[in-house]
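Novice: Just a sequence and a predicted model for now, questions to come.
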There are 2 protein chains.
Amino acid sequence: MKIGIIGSGIVAQTLGSKLVELGHDVVIGTRDPQKLDDKKNLAGSLREWLSRTGGKGKVVTFREAAAHGDLLVNATSGEISVEALRMAGAGQVGGKVLIDTANVLDFSKGRPPRVGASQDNCLAEQIQSAFPNLKVVKTLNTIGAPVMIDPQSVKGGDHTVFLSGDDGAAKGKVAELLRAFGWTDILDLGDLSTARGPEMYMAMWLRLWGATGTGALNIKVVR
Amino acid sequence: MKIGIIGSGIVAQTLGSKLVELGHDVVIGTRDPQKLDDKKNLAGSLREWLSRTGGKGKVVTFREAAAHGDLLVNATSGEISVEALRMAGAGQVGGKVLIDTANVLDFSKGRPPRVGASQDNCLAEQIQSAFPNLKVVKTLNTIGAPVMIDPQSVKGGDHTVFLSGDDGAAKGKVAELLRAFGWTDILDLGDLSTARGPEMYMAMWLRLWGATGTGALNIKVVR
């Protein structure tokens, strides 16, 4: 499948590598695709990422990434997601499926970062509202990047990933990708308004990380 | 132990019955202790609760409940918790340990209710700030009342309950009670500011309930 990832940080690179490995045609979209050696990126430089994909991945503009993908992934920082999608352009974004993995986090006052999500502030709903034709599916935002693509790395994978979205077929398509990553417990929370749950949960995840000293964790819904 | 519960709803009654069963000297504090037959209460009337305790429990005012308890439990609705504790009186509340089980939920616009917790709105911190000497321990707010006192009722009890609070000894005392309820996986998140995590998680819990159709659920932190 042709996949366009918007964003170039650790989530973008981790998902990008895995999707290449699964045989997809993947591009990463970034603000300035010339800056391949920008070292501010925790995951390493985009040049290193390109090399890890064995030359199969590509780094392009937001607009080119959105045009390329039959499926889109929002892997930007939540604070700039709507802006990045606007730069990608409504025409390119169209009515595609968008996997939204982002969280609104403010690191300006130290760690743990302040969580922007609240009852009246849900990024997935804001993206949906800015691009009404887009089929937004919120998922993976409750999990650290390395675990997203390797659930088995945490206690054999017996824990839960969530889906929220208004379009059932889009959620089915995303669930298929999650299964390819190794996820077995995929819980459909319902329509896109349910994304408030996983977005506000980020405040909990940060404290779980703080208390356990590892981001290699997740929750299992026991029922 | 002498325990004063502030609040008379389903959480107060459920915890109250269990604590009586465990041999504690328990009173429930309510706004008007004469109204034993008030049927607005989902858990049943306080008269029924008194009878379920075999005459061992008592229903008193907020103030009398706070004065009675060596340990206090806040089981009011989060919107009125600070007000109820003010009615109980700073003198009665003093420097005791308070287990805060409450969530700020607004049902005025339908279900699921709107969750009041956010980065800048943490009930446990507001209680602590209003009563600086109180040893506030946030716990159990992430779990439905029947499961609070019977974790084994959900998949044998292999799931997690959380503790947040500034006083280590107070958390130790509360953890002891949780073990008496049957909890085995008790995760200390850290100081009271970490209560933002479990309070914001309530938005997730409501969607888990919606998606699974049961409140008899919880999460296990897998690490």
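Specialist: It's in.
Novice: Show the pLDDT at A:L42.
Specialist: Note for A:L42: predicted pLDDT of 78.
Novice: Tell me how far the closest residue to A:I149 other than its chain neighbours lies from B:L46.
Specialist: Using C-beta to C-beta, 6 or more residues apart in numbering or on different chains and skipping the chain neighbours, the partner closest in space to A:I149 is A:K18 (3.9 Å). All C-beta spots, glycine's among them, are computed from the backbone N, C-alpha and C. With distances defined as C-beta to C-beta, to the nearest Å, the gap from A:K18 to B:L46 amounts to 57 Å.
Novice: ok, which stretches of chain A are strands?
Specialist: Remark: strands assigned in chain A by DSSP state E are A:2-6, A:25-30, A:58-61, A:71-74, A:97-100, A:105-106, A:114-115, A:135-138, A:160-165, A:185-190, A:218-222.
Novice: Now render those as JSON lines, adding mean neighbour count and mean pLDDT.
Specialist: Rendered in JSON lines, the data for the strands of chain A read as follows (neighbours: other C-beta atoms under 10 Å in any protein chain shown; pLDDT from 0 to 100):
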{"stretch": "strand A:2-6", "mean neighbour count": "25", "mean pLDDT": "98"}
{"stretch": "strand A:25-30", "mean neighbour count": "25", "mean pLDDT": "98"}
{"stretch": "strand A:58-61", "mean neighbour count": "19", "mean pLDDT": "98"}
{"stretch": "strand A:71-74", "mean neighbour count": "27", "mean pLDDT": "98"}
{"stretch": "strand A:97-100", "mean neighbour count": "28", "mean pLDDT": "99"}
{"stretch": "strand A:105-106", "mean neighbour count": "16", "mean pLDDT": "98"}
{"stretch": "strand A:114-115", "mean neighbour count": "22", "mean pLDDT": "98"}
{"stretch": "strand A:135-138", "mean neighbour count": "28", "mean pLDDT": "99"}
{"stretch": "strand A:160-165", "mean neighbour count": "26", "mean pLDDT": "98"}
{"stretch": "strand A:185-190", "mean neighbour count": "18", "mean pLDDT": "98"}
{"stretch": "strand A:218-222", "mean neighbour count": "22", "mean pLDDT": "98"}
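Novice: closest to B:P132 out of those?
Specialist: With C-beta to C-beta as the measure, strand A:114-115 is the member of these nearest B:P132 (23.9 Å).
Novice: Figure out how far that closest one is from the centre of its chain.
Specialist: Mean-position distance between strand A:114-115 and its chain equals 18 Å (C-alpha atoms, centre = their mean, to the nearest Å).
Novice: And stretch A:16-29, by the same measure?
Specialist: Distance of stretch A:16-29 from its chain centroid, counting by C-alpha atoms, centre = their mean, is 13 Å.
Novice: Identify the residues contacting that stretch?
Specialist: The contact list for stretch A:16-29 (C-beta atoms under 8 Å, 6 or more residues apart in numbering or on different chains) reads A:1-8, A:12-13, A:46, A:49, A:52-54, A:56-66, A:68-69, A:88, A:149, A:177, A:180-181.
Novice: which ones among these are found in helices?
Specialist: Mapping these onto helices (DSSP state H) picks out A:12-13, A:46, A:49, A:52, A:62-66, A:68, A:88, A:177, A:180-181.
Novice: buried ones in the element among helices and strands of chain A having the smallest mean pLDDT?
Specialist: Taking all helices and strands of chain A together, the one with the lowest average confidence (mean pLDDT, DSSP states H and E) is helix A:46-52, at a mean of 95. Applying a neighbour-count criterion of 16 or more other C-beta atoms under 10 Å in any protein chain shown, one finds A:46, A:49-50, A:52 buried in helix A:46-52.
Novice: helices and strands around that helix, which ones?
Specialist: In terms of contacts (3 or more C-beta pairs under 8 Å, 6 or more residues apart in numbering or on different chains; DSSP states H and E), helix A:46-52 is packed against helix A:10-21, strand A:25-30, strand A:58-61.
Novice: Would you mind giving the ones you listed as CSV with distance to B:T212 added?
Specialist: Converted to CSV, these look like this (distance: least, C-beta to C-beta, whole Å):
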stretch, distance to B:T212
helix A:10-21, 28
strand A:25-30, 34
strand A:58-61, 41
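Novice: Which pLDDT value goes with the residue nearest to A:I149?
Specialist: As predicted, A:K18 sits at a pLDDT of 98.
Novice: Now do it against chain B, distance only.
Specialist: Counting by C-beta to the nearest C-beta, to the nearest Å, the gap between A:K18 and chain B amounts to 20 Å.
Novice: Pull the number of nearby residues for that residue.
Specialist: Burial measure for A:K18: 19 neighbouring residues, criterion other C-beta atoms under 10 Å in any protein chain shown.
Novice: what's the distance between it and A:P132?
Specialist: When C-beta to C-beta is applied, the distance between A:K18 and A:P132 equals 30 Å.
Novice: Over to A:T30?
Specialist: Using C-beta to C-beta, A:T30 is found at 26 Å from A:P132.
Novice: Repeat that for A:V147.
Specialist: Between A:V147 and A:P132 the computed distance is 32 Å (C-beta to C-beta).
Novice: higher neighbour count, the two?
Specialist: Counting neighbours by other C-beta under 10 Å for A:V147 and for A:P132 shows that A:V147 has the greater number, 23 against 9.
Novice: Quick check, the more buried one in contact with A:G157.
Specialist: No - at 9.4 Å, A:V147 and A:G157 do not qualify as touching, with contact defined as C-beta atoms under 8 Å.
Novice: any chance of the buried residues of helix A:46-52 in TSV, plus distance to B:Y201?
Specialist: Shown next, in TSV, are those (distance: C-beta to C-beta, whole Å):
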residue	distance to B:Y201
A:L46	35
A:W49	34
A:L50	39
A:R52	35
